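S.K.: Could you look at this predicted model? Sequence included:
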Amino acid sequence: MSKVKVLIVEDDFIHANRLEMYLDEMGYDLAGIAQEAEQALDMIATAQPDLLLVDIHLAGSLDGVQMMERLNKKKALPAIFITSYRDKETFERAKLTDPYAYIIKPYDKETLQAAIELAIYKFSKSQHDQEPFQGWQEDHFLKGVLFVKSKRRLIKIKISDILCVEAKDKVCQINVEEEIIETRMPLQKLEEKLTNNAFLRVHRSFIINKEKISQIDLSKNEILLGACKVPIGRLYKEAFINCIAPFLD
């Protein structure tokens, strides 16, 4: 598991520090603070942020809109425009770059959190049919990661880090090293999304990452994955044995 990384592009020291404080309080990682567009483009290439917070009016030869126009030709990233200007011309210019959210200064932490959720939601849907955003109702897969909302913040889980998933009550518990994260996504949908060969259903309530198996005890019908002990369901045992047979020879 890793935190969502956010790059701030803001040339006003006070506003940049307020954004940094809000991001820290909300549990996100700061990928860096850039004061100019050219500096931000260099930082994006090295820091690999998940999200950009971009002030429209920046010092330097490019403003925030021009920066996003240049970036969109090379790399798709969700961006939230931040501005103190309310004029229609500024909004129309920004709109042409297809930002994922747009907030006006001054703003509070709750407004920023809602904008972040909207941006990640819209970006995850960008290659599919758009749906009206009515709040974070379902967690989302995107480019090898799963974005989960937990305790009013978004958490980024690398799919390759997942040990196993357990359906429990009305939620699914995603087990990664030394942590359990809950998602409201049902096990069946998770099984459909975890389509690569690393994942296998071994029980009506469990999906495992085969690459994380540390021990198998067929006499007890148990699989050990790190600290996770997972039962092998009777209806799934034959398929599981056939799947691991090449590794047992």
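M.R.: Yes, it's here.

S.K.: What is the top helix by length along the chain packed up against?
M.R.: Counting by DSSP state H, the longest helix found in the chain is helix 109-124. The contact analysis (3 or more C-beta pairs under 8 Å, 6 or more residues apart in numbering; DSSP states H and E) places helix 109-124 against helix 13-26, strand 51-55, strand 79-83, strand 101-104, strand 140-142, strand 145-150, strand 153-158. No exception for glycine: its C-beta is placed from N, CA and C like everyone else's.

S.K.: Could you list which residues are in contact with the residue nearest to the spatial centre of the chain?
M.R.: Nearest to the geometric centre of the chain sits Phe147, at 3.4 Å (C-alpha atoms, centre = their mean). Neighbouring residues of Phe147 by C-beta atoms under 8 Å, 6 or more residues apart in numbering: 4, 120, 124, 139-141, 154-157.

S.K.: Show me what it bridges to in the sheet.
M.R.: His140, Lys156 (DSSP bridges).

S.K.: Relative to Asp217, how far out is it?
M.R.: Separation of Phe147 from Asp217 (C-beta to C-beta, to the nearest Å) stands at 35 Å.

S.K.: Same check on Lys189?
M.R.: 30 Å.

S.K.: out of these two, which sits in the busier spot?
M.R.: Neighbours per residue (other C-beta atoms under 10 Å) separate Lys189 from Asp217, with Lys189 holding more: 14 against 11.

S.K.: Check what contacts whichever strand or helix holds the more buried one and list those residues.
M.R.: Assessed by DSSP states H and E, Lys189 sits inside helix 187-193. Helix 187-193 has contacts (C-beta under 8 Å, 6+ apart) with 141, 146, 165, 167, 172, 183, 185, 199, 201, 205, 207.

S.K.: try 6 Å
M.R.: Helix 187-193 is contacted from outside by 141, 165, 167, 172, 201, 207, using C-beta atoms under 6 Å, 6 or more residues apart in numbering.
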